[in-house]
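Q: Curious how this folds, go ahead:
(chains A, B, C and D)
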There are 2 protein chains.
Amino acid sequence: MDGSALVDASLLETADERTRVTIRHVAEAAGVSVATASKALNERGRMMPETRQRVQDAARRLGFRPNAMARALISQRSFTLGLLTNDTYGRFTLPIAAGLSAAMADRGVSVFLCAIEDDPARAKLNLEAMEDKRVDGLVVAGKRVDRALPIELPPLGMPVVHVNAACPPGGFGFVPDDEGAAFEAVTHLARLGRRRIAHVTGPRDFAAVSLREAGWRRALEENGLAPPNEALAGQWSEGFGFDTASRLFTDAENRPDAVFCGNDQIARGLIDALTAGGIRVPDDVAVVGFDNWEIFAQATRPPLTTLDMELKGLGREAGLTLLDLIDGKPVAPGLRRLPCRLVVRRSCGASETQ
Amino acid sequence: MDGSALVDASLLETADERTRVTIRHVAEAAGVSVATASKALNERGRMMPETRQRVQDAARRLGFRPNAMARALISQRSFTLGLLTNDTYGRFTLPIAAGLSAAMADRGVSVFLCAIEDDPARAKLNLEAMEDKRVDGLVVAGKRVDRALPIELPPLGMPVVHVNAACPPGGFGFVPDDEGAAFEAVTHLARLGRRRIAHVTGPRDFAAVSLREAGWRRALEENGLAPPNEALAGQWSEGFGFDTASRLFTDAENRPDAVFCGNDQIARGLIDALTAGGIRVPDDVAVVGFDNWEIFAQATRPPLTTLDMELKGLGREAGLTLLDLIDGKPVAPGLRRLPCRLVVRRSCGASETQ
DNA sequence: CTGAAAGCGCTTACAG
DNA sequence: CTGAAAGCGCTTACAG
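A: Purely as a prediction, here's the structure:
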């Protein structure tokens, strides 16, 4: 088949070719009524086994696939979901979306992607499209746990879950357990014998910053350690990590022997600066990051021990809960903090497990 | 409203509350028939202006939104698309998806996200879901231009476009213009006075590697320059860039004064190694990357001049073409190579424009 | 056991 | 100008 043939085909198949095989075709081919065909295909009611077989054979032979929209009209269930996100960059959204999409696909549910880019007009447009298409529910995914998306959720009875975003009171939220993850990381460092564990992190106004700092403090406390200094809050960037090294390591007397960083970029910048300054990682200083952004974590010299937020799992759990809500099952409202996973590489000085 | 109230609501609204307002409610409220209501709302046919107004007022008052699935059943157009992708990581897919989704949303078309992860079973599952949901067309997006996804496209008459993936003969493909982009980057370096412009890039078996190398050669030729050495092909990683620096710069006599890198990670690793070796960027060596992966390009010291593949635009154009195909408009088959954009930062030694 | 009828929510000729 | 009827593709009581 050459190109021009394809073009012609798409021009011509307006009526005839494009007409898909319907249950009526199947019924005719099997010599039964449409109602009987439906029952045969859906394994409902009692009927002669050979009739059922005849219908199913015809369906298979014709390649019949029931029209989901016709079914949706009857069942008042479209088996579709909307995923609204303002995370253009995709750092958080794509893993969440992939986890959601995979779990839903296994249950016959398809997911509409709505990229709204923090633009209220775009949000409204997409929300209306989701209403019109009669999605069964909505997943709202953001890039930080303390900010809501610029959407006014329609007052109509469509269940909504929130992932990695602020969750309104009485809503259903799914976020990584920042505090617990930080606690785990710092405990890991303490168990490895580190005693002066510093913390370098992102901007103060992020809830994730407070939570991770709290986990750091709790782990120090439970291990009988004191913070060598206040947490250093700044930016989520390599540059901040790089610049902070000098602040933290000028006083040779009071050097930390470990640094827990608020994200992988900070850890990367810090390690680069330490290396440039002749301080060895992990021998002199152990470093742990946060995010398991592989492209950073693997490329850091040495590779970075860090926390994986398990975003795929977050998307998956949010989707499954949304299905429960759609099915009318009772679900307790509130925020779920899902565990993160410590990924041990070389920067913490433990033997590598991954 | 507290949490328990919400739970109860979702349990109770099975029949009454959940029943949405239909055109019948609008018709009754306006005191006309359903047929008249439909015509009034769709601005079809002639009718008394006050009747039309009455219907439209009722619709607005009741918050009526027509059921897109009912319409789709009639019009044989669902105003939905499927986006199939195997790019879990999202490096390429998310910008493509965002560009596609935004352009489609403006035209009332919604996009199903199908993450198939190079798994044929998952691909089949999702493809069948797209068939069942009667999407009007399919966008197939990959992570490299020379590989097809593990899908057998159904033989039914649904238009398909391919983005950043191999495109079957007679198909419709959209890829970045790798050769042209490389040509632009190297010409830029030549214009800045660089004379010995080396090339360090990814694995040989990537078509993108050959194309970018071809662009490099053509630019050298057109500027009367000779390649200082063969292109160094290896990995798409920081590590490869880092290690390659020594190979390229050991011979002090024959040092390049510029390196065009196959991606930003290679450029980043190379620059790190040069810096560590006391070679200044851009003073001694100018460097240009490829991808404009901001998290790398901005964090590199100095910030990286690089090529942006304009993936959003790619997604957008692919979507618009798909709509044309769906509308039966004539579209020439074949591969479209869309231009990339040179983003000038500091690593090339030009004055910074961004 | 099987089929005719009614209906999901809408639109489109076609009568009045 | 307006409405009754038929129909998009399917399912579900309900008769036969």
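Q: C-alpha only now, for contacts and for neighbours.
A: Fine.
Q: Now do A:V111, the pLDDT please.
A: A:V111 is assigned 98 on the pLDDT scale.
Q: What helix or strand is it located in?
A: A:V111 belongs to strand A:110-115 when assigned by DSSP states H and E.
Q: Could you list the paired strands of that strand along with their orientation?
A: strand A:80-85 (parallel), strand B:110-115 (antiparallel) (DSSP bridges).
Q: Show me the domain layout of chain A.
A: A:3-66, A:75-175+A:314-339, A:178-309 (automatic domain parsing).
Q: now for those, which one comes closest to DNA strand D?
A: domain A:3-66 (3.1 Å; C-alpha to the nearest atom of the strand).
Q: Name the residues of the stretch 251-354 of chain A found near chain B, please.
A: Contact residues, the stretch 251-354 of chain A versus chain B (C-alpha under 8 Å from any C-alpha of the partner chain): A:A276, A:A299, A:L325, A:I326, A:G328, A:K329, A:P330, A:V331, A:A332, A:P333, A:G334.
Q: Recalculate using a threshold of 6 Å.
A: A:G328, A:P333 (C-alpha under 6 Å from any C-alpha of the partner chain).
Q: State which one residue of the stretch 251-354 of chain A is found closest to chain B.
A: Nearest residue of the stretch 251-354 of chain A to chain B (C-alpha to the nearest C-alpha) works out as A:G328 at 4.9 Å.
Q: for the spatially closest residue to A:V160 that is not a sequence neighbour, helix, strand, or coil?
A: Closest residue in space to A:V160, ignoring its immediate chain neighbours: A:L138 at 4.7 Å, by C-alpha to C-alpha, 6 or more residues apart in numbering or on different chains. Secondary structure, DSSP: H, G, I helix; E, B strand; the rest coil: A:L138 is strand.
Q: got the CA coordinates for stretch A:162-175 in CSV?
A: Extracted in CSV, the C-alpha atoms of stretch A:162-175 (Å, rounded to 0.1, in the frame of the first residue of the first chain):
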residue,chain,number,x,y,z
HIS,A,162,-5.8,14.6,45.1
VAL,A,163,-2.3,13.4,44.5
ASN,A,164,0.9,15.3,45.5
ALA,A,165,-1.2,18.4,46.0
ALA,A,166,-3.2,20.2,48.7
CYS,A,167,-6.4,18.3,49.6
PRO,A,168,-9.5,20.2,50.7
PRO,A,169,-11.0,19.4,54.0
GLY,A,170,-13.0,16.2,53.8
GLY,A,171,-11.3,15.3,50.5
PHE,A,172,-9.1,12.2,49.7
GLY,A,173,-5.4,12.9,49.4
PHE,A,174,-2.3,10.9,48.6
VAL,A,175,1.2,12.2,49.3
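Q: what residues does it touch?
A: A:139-142, A:144-148, A:161, A:333-337, B:2-3 (C-alpha atoms under 6 Å, 6 or more residues apart in numbering or on different chains).
Q: Show me which of those are buried.
A: A:139-142, A:144-145, A:148, A:161, A:333, A:335-337, B:3 (16 or more other C-alpha atoms under 10 Å in any protein chain shown).
Q: At which residues are the strands of the stretch 251-354 of chain A located?
A: Ranges of strands in the stretch 251-354 of chain A, per DSSP state E, counting those that start in this stretch, are A:258-261, A:286-288, A:306-308, A:334-338, A:341-343.
Q: Check whether A:H199 sits in a helix, strand or coil.
A: Counting by three-state DSSP, the backbone at A:H199 sits in strand.
Q: so where do the helices sit in chain A?
A: In chain A, the helices defined using DSSP state H lie at A:3-12, A:23-30, A:34-41, A:49-62, A:68-75, A:93-105, A:120-132, A:178-191, A:207-222, A:238-249, A:264-276, A:294-297, A:311-326.
Q: interface residues of chain A facing DNA strand D?
A: A:19-24, A:34-36, A:38-39, A:41-42, A:65-68, A:70-71, A:73-74 (C-alpha under 7 Å from any atom of the strand).
Q: mind listing what the residue nearest to A:V160 touches?
A: Going by C-alpha under 6 Å, 6+ apart, A:L138 touches A:L81, A:G82, A:V160.
Q: Let's see that with 7 Å instead.
A: A:L138 sits next to A:L81, A:G82, A:L83, A:P159, A:V160, A:V161 when contact means C-alpha atoms under 7 Å, 6 or more residues apart in numbering or on different chains.
Q: Same check on A:V55?
A: By C-alpha under 7 Å, 6+ apart, the neighbours of A:V55 are A:V26, A:A27, A:A30, A:A37, A:A40.
Q: if I look at the fourth one, how far off is A:H25?
A: Meaning A:A37. 10 Å (C-alpha to C-alpha, to the nearest Å).
Q: more neighbours, these two?
A: Per other C-alpha atoms under 10 Å in any protein chain shown, whichever of A:A37 and A:H25 has more neighbours is A:A37, with 26 against 17.
Q: what's the closest non-adjacent residue to the more buried one?
A: Among residues not flanking A:A37 along the chain, A:A27 sits closest, at 5.4 Å (C-alpha to C-alpha, 6+ apart).
Q: which residues touch that neighbour?
A: Under the criterion of C-alpha under 7 Å, 6+ apart, the neighbours of A:A27 are A:S33, A:V34, A:A37, A:V55.
Q: what would those residues look like in a markdown table with pLDDT?
A: Below are those laid out as a markdown table (pLDDT from 0 to 100):
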| residue | pLDDT |
| --- | --- |
| A:S33 | 89 |
| A:V34 | 91 |
| A:A37 | 92 |
| A:V55 | 92 |
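Q: what subset of the residues you listed is also close to DNA strand C?
A: A:S33, A:V34.
Q: Any stretches of chain A with poor pLDDT?
A: Chain A contains residues with pLDDT under 70 at A:1-18, A:154-156, A:352-354.
Q: Point out the residues in it that sit beside DNA strand C.
A: A:31-36, A:45-48, A:51-52, A:70-71, A:73-74, A:76.
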